[in-house]
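A.B. asks: got a predicted structure plus its sequence, pasted below:
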Amino acid sequence: MADKISILGIAGSLRKGSFNKAILRAAVEMAPPDAQIEIFDIEGIAPFSEDTEQQPSEKLKAFKEKIRAADAILIATPEYNYSMPGVLKNAIDSASRPYGDNAWDGKPAAIMGASIGMLGTARAQYHLRQSMVFLNMHPMNGPEVMVPYAQKKVDDNGRLTDEETRKRIGELVKALVAHARKP
């Protein structure tokens, strides 16, 4: 492992003005000096089908390469209908296939999420953790970052302005770096 921890950031939203993309950008800003976060946009990953898993698209190949090259994963997920968005689940499933070629295997991970509701993606984060069990990922248990009422904390330019939330995201990234450094 290099002196600088490489973190791959993924937002589970395709929306241009996504609050989860905003908190990922804040994580990049809040990363400690011994970490670097690269954000990968999952837009364009085709719906998963076992019929085509042996011929992955260039986008999926690039995604799997980025996952494998990263020391850790940071996922920012919205919550749709009490769970993670289908587009995020699709990207996760696609990068775990074909069977025996799971790019997520053994990756330390952290989860955060922002929503306009009061629970701030709690249920989506727990569903995402369930998927991580089968994928043999190692998600941190804390600190938890669930950003409620995100519309009040992100400005019109897509910048997270709430200082307490920025602080918590900084703590999460710092903890993820320590988690990734564990033997």
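C.D. replies: All right, it came through fine. Given the structure is predicted, the values throughout are model-derived calculations rather than measurements. Residues are numbered from 1 along each chain as shown.
A.B. asks: where in the chain is pLDDT low?
C.D. replies: 1-2 (pLDDT under 70).
A.B. asks: which residues in it form strands?
C.D. replies: Per DSSP state E, the chain carries strands over the ranges 5-11, 35-40, 72-76, 108-114, 138-139, 145-147.
A.B. asks: now do the same contact list for M146.
C.D. replies: 112-113, 119-122, 125 (Cβ atoms under 8 Å, 6 or more residues apart in numbering). From N, CA and C alone the C-beta is placed, and that goes for glycine too.
A.B. asks: for the chain, longest helix please?
C.D. replies: If you go by DSSP state H, the chain has its longest helix at helix 163-181.
A.B. asks: which other helices and strands contact that helix?
C.D. replies: Secondary structure elements in contact with helix 163-181, counted by 3 or more Cβ pairs under 8 Å, 6 or more residues apart in numbering; DSSP states H and E, are strand 5-11, helix 19-30, strand 35-40, strand 72-76, strand 108-114, strand 145-147.
A.B. asks: which stretch among those comes nearest K167?
C.D. replies: helix 19-30 (8.1 Å; Cβ to Cβ).
A.B. asks: check the offset of that closest one from the chain's centre.
C.D. replies: Its chain's C-alpha centre and that of helix 19-30 lie 11 Å apart, by Cα atoms, centre = their mean, to the nearest Å.
A.B. asks: same deal with stretch 13-20?
C.D. replies: 13 Å.
A.B. asks: can I get that stretch as CSV, trimmed to CA atoms?
C.D. replies: Output of stretch 13-20 as CSV, limited to C-alpha atoms (Å, rounded to 0.1, in the frame of the first residue of the first chain):
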residue,chain,number,x,y,z
SER,A,13,-27.3,9.2,-8.2
LEU,A,14,-27.3,10.3,-11.8
ARG,A,15,-28.9,13.7,-11.2
LYS,A,16,-26.6,16.6,-12.1
GLY,A,17,-27.5,18.5,-9.0
SER,A,18,-27.3,15.5,-6.7
PHE,A,19,-26.9,16.2,-3.0
ASN,A,20,-24.8,13.0,-2.8
